[in-house]
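1. sequence plus the predicted model coming up.
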There are 2 protein chains.
Amino acid sequence: MITIALDAMGGDLGPSAVVGGASLYYGQHQGDEISFLLFGKKDAIEAELKKYGNLTSGCCSVVESDKLITADMKPSVAVRNGRGSSMFEAIKAVALGKADAVVSSGNTGAYMALSKLLLKMIDKIERPALVNLLPNLKSQSVVLDLGANVDCSSTNLIQFAIMGMAVARVLLKINAPSVSLLNIGTERSKGTDALKCAADFLEKASNINFIGFVEGSDLASGKADVIVTDGFSGNVALKAIEGTIKYLATLLKKEVQDSVLGKIAYIFSGGIVKSLKNAIDPRNHNGAILVGLDGIAIKSHGNSDHVGFANAISVAVKFAQQKLVDDIKHEIHSVEREEQR
Amino acid sequence: MITIALDAMGGDLGPSAVVGGASLYYGQHQGDEISFLLFGKKDAIEAELKKYGNLTSGCCSVVESDKLITADMKPSVAVRNGRGSSMFEAIKAVALGKADAVVSSGNTGAYMALSKLLLKMIDKIERPALVNLLPNLKSQSVVLDLGANVDCSSTNLIQFAIMGMAVARVLLKINAPSVSLLNIGTERSKGTDALKCAADFLEKASNINFIGFVEGSDLASGKADVIVTDGFSGNVALKAIEGTIKYLATLLKKEVQDSVLGKIAYIFSGGIVKSLKNAIDPRNHNGAILVGLDGIAIKSHGNSDHVGFANAISVAVKFAQQKLVDDIKHEIHSVEREEQR
C-alpha cells in the first residue's frame, strides 16, 4: 500500500484541482493499492470530495490544517510560521512515515525550504535539485536542476548527475543512462570552471556513462538520457521551450484562421492536432521531483488543473514504489567508494 | 556607398555560401549603393563569382588571403598567427576604414578575439556581446548576450542593456524600447546578485525604459523589446528554442505521414506550412552583431547557406547605414553623465 500526502490548498486552483486530480488518478489505477491523505480546510475539501464518487473514506482521509502558505510568502517566513499549514503538515506526514510521498502545487521556495527542514537532506548531498522529464525526438530526458539553485559548484553538478541517473532508472527504465552536462558548446574548453571541473570528474568515474557536453538544442534531440545544468540556465531553458511551443501553436492557429485552405486543412487534421497537443501538453509532464531530500516531495505546477495534478500524483507513486531515495543513497556511496580508491 | 568586407572562407560551406549570399543580396537590393570586398583564396572565389552574372568588378573586389582560421583553432592561436587569413584581413579592412562592416561565418571565438584586437572596444565598454533579433508573438525582441560571455557582472549587464537599446532603435525602429533582464522569476528577490544589482541601476536610470525581470517564456511572448542576459543562459535559451522548433516540425511531419487524414490535411495546408516555415526559418534570422566594438562585425551561423548569408549581409548594411557605433557611444555618454549628477 502506497500513501500519498496531498497539499490540498496549494496552487492557483486549490482543492478543486487537487481532489479532482486524486479522483482522476484513482479512477485510472483501480488495481493499485493506494491511499491519499488530504491536508487543508476540511469543509472545502469535503465539498470537493462529494463531487467524485470514487474517493471514499477507505482510500482517503482528510486532515484539518487551516493555515495557508501563500504564493508570495518568503521561504524564511514559511519556515518560521509554517507549522499547521496544509503544506507543512503534508510534508511532515512523509517525515513521520505516515505517507510515502508528498505532492504540492504551492509556493516553490516555501516548499523547498520546508521540505529541507522536515525531510532533511540525504547524507553527503549538498543541495536539492528540481528534476523533470522533457520529451525529445527519441523518447524523454531527465533534466536537472530546473530552478532550485541559481549558482552551482562542480560538486553540486556532479551530485545532480548521480541523482539524475537514479531518476532515469526509475522513470525511463534505463540501467546505465547516458549523462551529459549542458554547455554552450561541445568542446572541452567551453563553459564555466564549474562545468569543466565536473566534466573531468564524471569522465573518470567508471560507473557513470558520461558522454560529455551537450548544447541547448540537445534538450529536444535526445542525445543524452540525463542532462545536468545549474538551476538558472535550466529554468530559463525550460521556460524558453514552453514559450516556443506556445508561440508556434499561436502562429499555426493564426495561419489557419487567415486562410480558406487552412480552414479546410484544419478540418482534416483534427487527429494530428490532438496528438501533437498531447505530446506537448505541459499537463502530461507535470510533476517535478525535488531530489536530494531524504523523502519524496513532488512539485506540481502552480497553475496545474486536475489533469496535471493527476500526472504529478503518478510521478509520486512511481518514485515511492521504486524507492528512489534508497537508490540515490546507494549511488552516492558507490561513487564515494570509488573516489577513495 | 556602403562597402562590406566578407570573409569568403569562413563557415562550413565557404566561398559558395558567401559568394552566393552576396549575389542574392545584391540582386534583391539593386537600388542600394553597395560594394563587397571578398577576402580568401582568389581561385576559389573567382570560380564562384563566375556562377553569378550580377557580381561584376564594379561592385566586387577580391583580396587574396590564402591563410585559414580553422573551426577548431583556439582564439589565442588566431590572435598570434591570424595575420594574412581571410578573417583577419576582412576585419582589418573595417579597422582601416576600407569597409563599413565585416561579415564572417567562421570560428566564433577567433572572430571575437580578432575583432577585439583589430577594431578595439568602444571607450568604457568592458566586453562585447553577441546580439540578435528573436521573433515573438508581437514582433521581435533584441536579445543579448547570446554566447560571447560565460560570466557577466552587473556592469556588463547594464552595458548590454544600453547597447541593446541602440540596436533596437536601428532594427526595430523604436525610440524608447522597453528593456528587461532575463531571470528565473519576475519577483525582485529572484536571481543572482549581478541581476539584482543591474536591476537597481536600470530602474533608477531616467533615460532607460526598464520594465523589470522577464522569464524564459517571455523570449517568445514579446513582453520586452530588449532582453538582457549573460552569454551562458542566452546561448542555452537560443539553442533550446531552435531545438524545440526542430522537434515540433519533426513531430508534425511524423503525424502527417502516419495518418491518411493527415496527408489530406497536408495537401490543403501548403500555404500554412510555407508561411510557418518562413516565420521560424533560422536563415531569416541569421546575422548576429558583436556590439561593443568600435566597428561593425556581423557573425553569420557556421552552417549558413547563401540565403542565411544574404540575411547576415542585410543586417551589416542596416547597421552601417544607421551608424550604430556612434549611437552606442552617444548612449554610453548620456548614461554616464546622468550617473555623475
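-> On my side now, so go ahead.
2. a strand runs through residue A:190, doesn't it?
-> No. According to DSSP: H, G, I helix; E, B strand; the rest coil, the state of residue A:190 is coil, so it is not within a strand.
3. that one: neighbour count?
-> Neighbourhood size, residue A:190 [other CB atoms under 10 Å in any protein chain shown]: 19. Where C-beta positions appear, they are placed from N, C-alpha and C, glycine not excepted.
4. helix or strand for the closest residue to residue A:239 other than its chain neighbours, just tell me which one.
-> Ranked by CB to CB, 6 or more residues apart in numbering or on different chains and with sequence neighbours excluded, the top spatial neighbour of residue A:239 is residue B:216, at 3.0 Å. Using DSSP states H and E, residue B:216 falls within no helix or strand.
5. any idea how far residue A:305 lies from residue A:173?
-> Computed as CB to CB, to the nearest Å, the residue A:305 to residue A:173 distance reads 28 Å.
6. looking at the two, which is more packed in?
-> residue A:305 (19 against 9).
7. please tell me the pLDDT value assigned to that one.
-> Reported pLDDT at residue A:305 in the predicted model: 95.
8. surely it touches residue A:17?
-> Yes. The criterion here is CB atoms under 8 Å, and residue A:305 meets it with residue A:17 at 5.2 Å.
9. show the pLDDT at the residue most central in space within chain A.
-> Using CA atoms, centre = their mean, the residue of chain A that lies closest to the mean C-alpha position is residue A:288, 0.5 Å off. Residue A:288 is assigned 93 on the pLDDT scale.
10. thought residue A:93 was touching residue A:5?
-> Yes. Between residue A:93 and residue A:5 there is a contact under CB under 8 Å: 4.1 Å.
11. which neighbours do those two share?
-> A:37, A:39, A:99, A:102 (CB atoms under 8 Å, 6 or more residues apart in numbering or on different chains).
12. got the residue ranges for the strands in the stretch 151-300 of chain A?
-> Assigned by DSSP state E, counting those that start in this stretch, the strands in the stretch 151-300 of chain A fall at A:178-182, A:209-214, A:226-228, A:288-291, A:297-299.
13. show me what the second one pairs with in its sheet, parallel or antiparallel.
-> When sheet partners are counted by DSSP bridges, strand A:209-214 sits next to strand A:178-182 (parallel).
14. also the fourth one?
-> According to DSSP bridges, the neighbouring strands of strand A:288-291, each with its direction, are strand A:129-135 (antiparallel), strand A:297-299 (antiparallel).
15. kindly reformat these as a markdown table containing distance to residue B:325 and mean neighbour count.
-> Formatted as a markdown table, the strands paired with strand A:288-291 follow (distance: least, CB to CB, whole Å; neighbours: other CB atoms under 10 Å in any protein chain shown):
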| stretch | distance to residue B:325 | mean neighbour count |
| --- | --- | --- |
| strand A:129-135 | 41 | 23 |
| strand A:297-299 | 47 | 27 |
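16. show me which residues of the stretch 1-150 of chain A sit near chain B.
-> Proximity of the stretch 1-150 of chain A to chain B (CB under 8 Å from any CB of the partner chain) is limited to residues A:72, A:74, A:135-137, A:147, A:150.
17. please name the nearest non-neighbouring residue to the residue nearest to the centre of chain A.
-> In space, residue A:288 is closest to residue A:132, 4.1 Å off (CB to CB, 6+ apart).
18. check residue A:235 too.
-> In space, residue A:235 is closest to residue A:147, 3.6 Å off (CB to CB, 6+ apart).
19. just say helix, strand or coil for the one you found.
-> Residue A:147 ends up coil, using three-state DSSP.
20. show me what contacts it?
-> A:108, A:130, A:231-232, A:234-235, A:238, B:184.
21. mind redoing it with 7 Å?
-> A:130, A:231, A:234-235, B:184 (CB atoms under 7 Å, 6 or more residues apart in numbering or on different chains).
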